[in-house]
Structures are given as C-alpha cells and as structure tokens.
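Participant: Predicted coordinates and the sequence they were generated for:
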Amino acid sequence: MLIIIDGYNFILTVPELEKRVEVGHIESMRDYIISLFSRYREKRRFGITVVFDGNYTEATLPKKQSHFGITVIYSKTGINADTEIKNITDLCQNPRDVCIVTYDNDIKRHVKKCGCRVIEPRAMYREMLDTLGGGRAAKSDEPDGKRNGPSERDAAYWKGVFKDLPEEEEKPHTGKTVMPQTEKKKSKPSPTIDEPDCKYQGAPSDEAHYWVRIFTGDKKD
C-alpha cells in the first residue's frame, strides 16, 4: 500500500502538531513529521510519500528527496501541493492500494474519483502514535484538563466556589497522649552463700530484741 500525505495540511489540522508550530518557523515541525513517518514505515513497511508546497520552502531544497525509505516531494515553482498530489494519483496504476492523508475537500473529491482512499490526518496521527508506542492521548481516559491545565472558564468557576472559604483551615487537634509513669520496683539481690539472711530479710523478732538489749545496756537473762 502507498500512503500519500498532504504535508502542511497534515501539520496544520492535527491539533497536537499545529499548536507547536512557531509563527514563521514551520520547518522544524516539517522535519519532525518526516522523521515520524520514517519510523512508522519501519514498523508497517508501507510505501510513504510526503508532499509539501514548494512555494513556501527554501529554494535550495531539492524537489524530490528520500529520507530513510520515505519519499519527500516539494511541489515545483508555480504548482501547489494540491496539484502535485492530484498528478501523482492520476498516474497510479493501482489506485485502490493508495491512501491520501488530507483534510482538503478539493483533493478528497479528486482522489476518490480516481479510486483512491482518504484518511483523515487526525486518524493517521493516532495510528502512528499507537504503532510507535506513544499513543498516550489516544489510549488515556484522563481529561484534557489534567494534562493541559484547566481552561479559563473552569478556573473562574472554581475560584467562585472557593472564594468564601477561610484562608486557613482549622488544623485537627493532635495533642500528645501522656502515658502514666509507673515506678519500677527495685529487685532485691539474691543472697550469696557467705552473707546472712538478715541482710536482706531482716532479723527474726526474738533475735532483734536480743540485740536491742545488748546495745541499750539492758542485759536481762
């Protein structure tokens, strides 16, 4: 199958590409999609031709080039890309095996009469991203606002919703819980063999009375 891409139409009708084009500097995006289609061809093995309007390119560029297996054509002076694409499709021997990627209605009508198929640029771009493993936008269920930020309308709405809220939210009470102190009981050391029991347990009552009489001078037999 041969895929013919209306180059600048492709760039300017795919939002993800168009928003990255700087005013007066479309060359970098042109080089980007050439690289993108080259990588896509390596995966799909389709024939790919990208046609650009030569009236808006540098005069030093050759009118026909080859980049990693894809053909890049710049229309001749005085001929726009639309006419160049129509001429290519008129010469196709198997138009049913040719797909034209464009949003241009005039090109669509012409190539359909020739028997060629038409692919919308956005659909082609999603197909390439999926094939190359970078189709996040096509596969993701996340809203655009999560990736691109809220719109001005959304921002104004939420600003009105939250304007009456206090500036600082009351912090929840997180006081420390004081655990009661428990006195540790002193453990009595175990008596050794050479020490009397009275050192740890006290003397018996009758023995205590004896030693009281000894130290007080009351010597009763």
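Facilitator: Yep, it's here.
Participant: right, and the helix or strand after the helix ranked longest in the chain?
Facilitator: Within the chain, and with DSSP state H defining each element, the longest helix by residue count is helix 27-44. Counting by DSSP states H and E, the next helix or strand C-terminal to helix 27-44 is strand 47-52.
Participant: returning to that earlier point: what is the longest helix of the chain packed up against?
Facilitator: Where contact means 3 or more CB pairs under 8 Å, 6 or more residues apart in numbering; DSSP states H and E, helix 27-44 is packed against helix 7-13, helix 15-18, strand 47-52, strand 64-67, strand 70-74, helix 121-132. From N, CA and C alone the C-beta is placed, and that goes for glycine too.
Participant: hey, what's residue 51 bridged with?
Facilitator: Applying DSSP bridges to residue 51 gives these bridge partners: residue 6, residue 73.
Participant: Pretty sure it sits against residue 83.
Facilitator: No - Residue 51 lies out of contact with residue 83 (CB atoms under 8 Å); the separation is 9.9 Å.
Participant: what sits in contact with each of these two?
Facilitator: For the pair residue 51 and residue 83, residues contacting each of them under the criterion CB atoms under 8 Å, 6 or more residues apart in numbering are residue 75.
Participant: ok, those two, which is more surrounded?
Facilitator: Summary of the neighbour comparison: residue 51 and residue 83, criterion other CB atoms under 10 Å, with residue 51 having more neighbours (28 against 17).
Participant: measure that one to residue 114 for me?
Facilitator: Taking CB to CB, to the nearest Å as the measure, residue 51 falls 15 Å from residue 114.
Participant: Then residue 33?
Facilitator: Looking at residue 33 against residue 114, where the rule is CB to CB, the gap reads 24 Å.
Participant: Mind checking which of the two has more residues around it?
Facilitator: Neighbours were counted for residue 33 and for residue 114 using other CB under 10 Å; residue 33 has more, 21 against 16.
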